[in-house]
Structure formats: C-alpha cells, structure tokens
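Participant: no sequence on hand, only this structure:
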Ligand code: CA2
C-alpha cells in the first residue's frame, strides 16, 4: 500500500480539546492526548500511520477532510456537536473515497434528543460510540479491516 493509503486521519471536532477537564462522568477522565496516543498505537499495530487534527472551527475541519483526499487513505472522525448539525462536513466526507468511521466517546443515542441524529452517519461506513477510550482502538481496527477488504 502507498504512503497515502496507509495514513489514517483522526479528526477531532469542537470542545474535544477540553476533555479530561470537565464532565468526566460522560466523557471519561482521559485527555485528548491520551486518546490520540491510543489511536496511534492501534494504527502502528495495524501497520498504519496516524495523523491527527483537532479544531473548534467547522471550516478547518472541512479543509482537513478535503486535504485528506490527497494525503490519507481513511478517516476516523469525532466531529463533536457538529455531528448533529453539519451538512457541510457531511458533504466533505461524501467526497472522500476511502473508509470513514464515525466515533463518539459517549453513546449519543442514550442522551438528549438533539444528539440522536447524526448527519454524518449516512456518509460513514459505520459508527463506534459509547466505549470511551476503547473506541479509539475499535475505530482504528475497523478502518484497518476495511482497508484489507478493498
Ligand atoms: O460523545 C462524543 O464523543 C461527542 O461527540 C462529544 C461531543 C458531543 O457534543 C457529542 O454529542 C458527542 C462534545 C465534545 C466534548 O465536549 C466537552 C465539553 C466540556 C468538557 C469536556 C468535553
């Protein structure tokens, strides 16, 4: 596989930079750095390289997805609250050719009504939700399996 094909882009959306600081009962006590380290190890275990971007800005997330068309073979995305609202992120992901896994620390289906709809779920291969830090392992393993199936 080419360098692009073996690169996984992990995208973290708004407020995920605050993890570890508040609401540990919902999101756990790990910081985003801990989750990225877990994802990095999972990628290496699967012979993949992980790149990570976190942004609180919708446009920056869209630009990262657009650039991934030339630099990554798969995407794991926790778009935070944009998961429930951003048709622009939906459109950007739709233009990406490789596997896309949607990731959430919590289980949005078991929370407030407004979190029940994900507008990016229809353009993802699947969703990993509710497993906290373990989800980063599972999501990377899922993209690795999808890449092997291609
Ligand atoms: O469960 C998830 O991973 C979410 O994507 C997290 C988002 C939330 O809006 C989604 O519905 C589900 C929230 C990101 C983190 O927000 C924090 C806010 C304050 C302190 C720590 C984290």
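Facilitator: That came through fine. Source: prediction; values computed, not measured. Numbers count the residues shown, from 1 in each chain.
Participant: packing partners of the longest helix along the chain?
Facilitator: The longest helix of the chain (DSSP state H) is helix 134-149. Counting contacts by 3 or more CB pairs under 8 Å, 6 or more residues apart in numbering; DSSP states H and E, helix 134-149 is packed against strand 7-12, helix 32-45, strand 74-78, strand 100-104, strand 126-129. To be clear about C-beta, it is placed using only N, CA and C from the backbone, and glycine gets the same treatment.
Participant: list the buried residues for the lowest-mean-pLDDT helix or strand in the chain?
Facilitator: Counting by mean pLDDT, DSSP states H and E, the weakest-scoring helix or strand in the chain turns out to be helix 24-27, with a mean of 93. The neighbour-count criterion (16 or more other CB atoms under 10 Å) identifies residue 27 as the buried residues of helix 24-27.
Participant: show residues contacting it.
Facilitator: The contact list for helix 24-27, computed with CB atoms under 8 Å, 6 or more residues apart in numbering, reads 19, 105-106, 111, 132.
Participant: that helix vs the ligand: in contact?
Facilitator: Yes. Residues of helix 24-27 are located near the ligand by CB under 6 Å from any ligand atom, namely residue 27.
Participant: and that helix, how far from the chain's centre?
Facilitator: In terms of CA atoms, centre = their mean, to the nearest Å, the centre of helix 24-27 is found 18 Å from the chain centre.
Participant: coming back round to it: dump the contacts of helix 24-27 to a markdown table, plus distance to residue 71.
Facilitator: Listed next are the contacts of helix 24-27 as a markdown table, based on distance: CB to CB, whole Å:
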| residue | distance to residue 71 |
| --- | --- |
| 19 | 25 |
| 105 | 26 |
| 106 | 29 |
| 111 | 34 |
| 132 | 28 |
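Participant: contact residues of the chain facing the ligand?
Facilitator: With CB under 6 Å from any ligand atom as the criterion, the chain meets the ligand at residues 15-16, 18-19, 21-23, 27, 78, 80-81, 83, 104-106, 108, 115.
Participant: sitting in strands, which of these do you find?
Facilitator: In this view, these that belong to strands under DSSP state E are 78, 104.
Participant: circling back to that earlier point, buried ones among the contacts of helix 24-27?
Facilitator: Buried among those (16+ other CB under 10 Å): 19, 105-106, 132.
Participant: beta partners of the residue nearest the centre of the chain?
Facilitator: Closest residue to the average C-alpha location of the chain: residue 77 at 1.8 Å, with CA atoms, centre = their mean. Residues in a beta bridge with residue 77, per DSSP bridges, are residue 11, residue 102.
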